[in-house]
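Trainee: How does the following fold in three dimensions:
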Amino acid sequence: MTRPMEPTDAAGTAEVPRPPTGVGDGRQLLDWLRTMRDRHPVWRDEMTGAAHVFRYDDLLRVLSSPDVFSSDFSAIMPPPDPNAPNFTEGVLTMTDPPRHGKLRRLVSQAFTPRMVSQLEPKVEALTRELFDTVAGERDFDLVAAVAYPLPVIVIAEMLGIPPADRELFRSWGEALLSTNYELPVGAVPDGAMPEHIVGQLKDMHAYLLGHVQDRRVTPRDDLISRLVTAEVDGDALTDAETVSFLNFLLLAGHLTTSLLMGNTLLSFAEEPGQAKAVREDRELVPAALEEVLRHRPPVVFQARVTRQETELAGITLPANVPVMCWQMSGNRDERHFPDPDRFDISRRPNTHLTFGHGIHFCIGTPLARMESRIVLNELLDRYRSVDVGTPVYYERSPEIFGVKSLPITVQTT
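Mentor: As a prediction, the model looks like this:
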């Protein structure tokens, strides 16, 4: 019987510990990332074939070089499941220049900072309404009451989706998330999906496509209408590209913001003195949220693929190699951030990589920051104290960091 090959570093010279199968509370993963930064800053995993990048400067190079490190995985991915809808056509995060630039300009016409700022009074009102549902309660789940429903409601409002359909978005978001479970980090999926997931994705695709086709006939004052009417150099989004963007917005736009809200309270629980400072001086809220994004990023890695043979940190990577960019590791790199494991709201500068870098910098950043700022201020306005109970983490997904349940005990002012 042949003994399985032990994992080695990219040069094949030393045994390397394998990554945890999920993130959970982050402790095991952070220990592993620290080891990899110190000993194997670029590592080629023989099990999956993927390369993993851990140091800030190397991550910056990968994320800044789309000509070498591509976001288009079509050359190495298996054919998509023919029974499931294809949500990858025209997705910004999976597209390279020059097509990426045109797609981003098209989407940006509908997803402008001005549009996001105009949403602020509505988000403030929605936040108050959600907190009102637990008014008088000393103990409640922050995620269930506010952090999860708020981003879903906001996205539904932006898209022009009927309020009665919001719960559909929640179930579809969970179905999309579940497609990432149970794969080793860096493994290329085989294209097949469980039948119950395929059914939900078909329902979502049909639902979104119906709204897109309706807006082409009868435009309204909503994001879907702006997407279907946007043009750049005479080019417009196809129905498939519009549906793909809406799908991406559903998953990335609501889950990551929900995680950020929970991660904020967990970070404050670690450093109550800094929580007190933010309570006393609300001008510190934006900087505090940036430190949460660095310290507890909702998404822990991004993926690229080499377009050609290249060298990174002295390691040669062939063409068509998946590259896992661990921004959670870059955010804790001692070479870039002093005392990186400490949650420090006074950190300046705070050039974290949580929203990415370069041409793929997250288009939803202003919305995530605005929603989180409003929720934190409302929480501090309503309650004299907030104590965090035992969190329930997303355990099985290898790329997200945060809680699906966060019990809190509050005292009113």
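Trainee: Does Ile224 touch Ala156 like I think?
Mentor: No. Counting by C-beta atoms under 8 Å, Ile224 sits too far from Ala156 to count as a contact (11.0 Å). Just so you know, the C-beta spots here come from the backbone N, C-alpha and C atoms, and that holds for glycine as well.
Trainee: Please say which of these two ends up with more neighbours.
Mentor: Shown here are Ile224 and Ala156; by other C-beta atoms under 10 Å, Ile224 has more neighbours (24 against 20).
Trainee: ok, that one to Leu59 distance?
Mentor: Using C-beta to C-beta, to the nearest Å, Ile224 is found at 35 Å from Leu59.
Trainee: now Ile315
Mentor: 14 Å.
Trainee: These two: who's more crowded?
Mentor: Relative neighbour count places Leu59 above the other of Ile315 and Leu59, with 26 against 18, counting by other C-beta under 10 Å.
Trainee: wait, the more buried one sits on Leu353?
Mentor: Yes. At 6.0 Å, Leu59 counts as touching Leu353 under the criterion of C-beta under 8 Å.
Trainee: intersection of neighbour lists for the two?
Mentor: 327, 330 (C-beta atoms under 8 Å, 6 or more residues apart in numbering).
Trainee: Do I have it right that Leu289 meets Ile374?
Mentor: No. With contacts defined as C-beta under 8 Å, Leu289 does not count as touching Ile374, sitting 10.9 Å away.
Trainee: for this structure, what spans make up the strands?
Mentor: 42-44, 51-53, 69-70, 139-141, 302-306, 310-312, 315-317, 322-325, 383-388, 392-393, 403-405, 407-412 (DSSP state E).
Trainee: Out of those strands, flag the one nearest Pro17.
Mentor: strand 42-44 (10.2 Å; C-beta to C-beta).
Trainee: Return the list of strands paired to the closest one, each annotated with direction.
Mentor: Sheet partners assigned to strand 42-44 using DSSP bridges are listed as strand 51-53 (antiparallel).
Trainee: chain center to the strand it pairs with, what's the gap?
Mentor: 19 Å (C-alpha atoms, centre = their mean, to the nearest Å).
Trainee: If you average the pLDDT over it, what comes out?
Mentor: Per-residue pLDDT values across strand 51-53 average out to 97.
Trainee: what residues does that strand touch?
Mentor: Residues contacting strand 51-53 (C-beta under 8 Å, 6+ apart): 10, 19, 36, 41-45, 59, 62, 185-186, 306, 312-313, 315, 317, 321-326.
Trainee: Just say which of the strands of the chain is most tucked in.
Mentor: Most buried of the strands of the chain by mean neighbour count (mean count of other C-beta atoms under 10 Å) is strand 51-53; its value is a mean of 27.
Trainee: Just the pLDDT at Pro162, thanks.
Mentor: pLDDT at Pro162 comes out at 82.
Trainee: out of everything not next to it in sequence, what's closest to it?
Mentor: In space, and not counting its chain neighbours, Pro162 is closest to Ala156: 7.9 Å by C-beta to C-beta, 6 or more residues apart in numbering.
Trainee: now do the same end-to-end measure for stretch 148-166.
Mentor: End-to-end span of stretch 148-166 (C-alpha to C-alpha, to the nearest Å): 11 Å.
Trainee: any weak-confidence spans in the stretch 1-150 of the chain?
Mentor: Counting by pLDDT under 70, the stretch 1-150 of the chain shows low-confidence ranges at 1-14, 80.
Trainee: Quick check, Ile363 in contact with Leu106.
Mentor: No. Contact status for Ile363 versus Leu106: not in contact, 11.4 Å apart, counting by C-beta under 8 Å.
Trainee: Those two: which is more packed in?
Mentor: Shown here are Ile363 and Leu106; by other C-beta under 10 Å, Leu106 has more neighbours (24 against 20).
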